[in-house]
Each structure stands twice: as structure tokens, then as C-alpha cells.
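*Asks:* How does the following fold in three dimensions:
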Amino acid sequence: MIYKTRGTCSTQIDIEMDGEIIKNVKFTGGCNGNLQGVSRLVQGMNGKEAIEKLRGIKCGFKPTSCPDQLSYAIEEAMKA
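*Replies:* Next up, the predicted model:
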């Protein structure tokens, strides 16, 4: 699934789920090293658990962040 981000330096998140388990995450744009780390940390994690950990994280004065946007991408992917 492709999720178009809002309010972040990254422009999209490609996410692959197996039921509720996160299989693969790839960000387009953003802070490459940090987002590779976040992507690897959530691989194999239950989507609901990842959402709980990531939701509400802010980047500086922005109302959202790449991890926060990932939580919305996971939520959408779990509905599909």
C-alpha cells in the first residue's frame, strides 16, 4: 500500500502488511538514516502496538512527524 504523507519532509510511505504484522516499510524523502532505522524497528511488529508507540510524535514545531505519519499508514493498511 502507498500512503501519501501530510506535513512531513517525506512524501510517501510504502507499507506491506501480513494481517496485523508489519512486513516492510519504505519512506520516500525525509531523513534517510533515521527513517531506515524506524522502518527496521517496526518490521515484524504488530501494527496496533506500533501505532500506540508512534502516534502523536511531533517533529520540532510541526504538528506531526514521519513516525506519526507511519502510524496513520499502518492504520490504513490494516483496514485494507
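
*Asks:* Tell me which residue is most central in the protein.
*Replies:* Central residue of the chain (C-alpha atoms, centre = their mean): residue 70, 1.8 Å from the mean position.

*Asks:* pLDDT score for residue 80?
*Replies:* Here, the pLDDT recorded for residue 80 equals 86.

*Asks:* just checking, it touches residue 15?
*Replies:* No. Here residue 80 lies out of contact with residue 15, judged by C-beta atoms under 8 Å, at a distance of 9.8 Å. C-beta: built from backbone N, CA, C; applies to glycine.

*Asks:* So between these two, which is more surrounded?
*Replies:* residue 15 (24 against 7; other C-beta atoms under 10 Å).

*Asks:* tell me which element the more buried one falls in.
*Replies:* In this structure, residue 15 sits in strand 10-18 according to DSSP states H and E.

*Asks:* give the contact list for residue 2.
*Replies:* By C-beta atoms under 8 Å, 6 or more residues apart in numbering, the contact set of residue 2 is 12-14.
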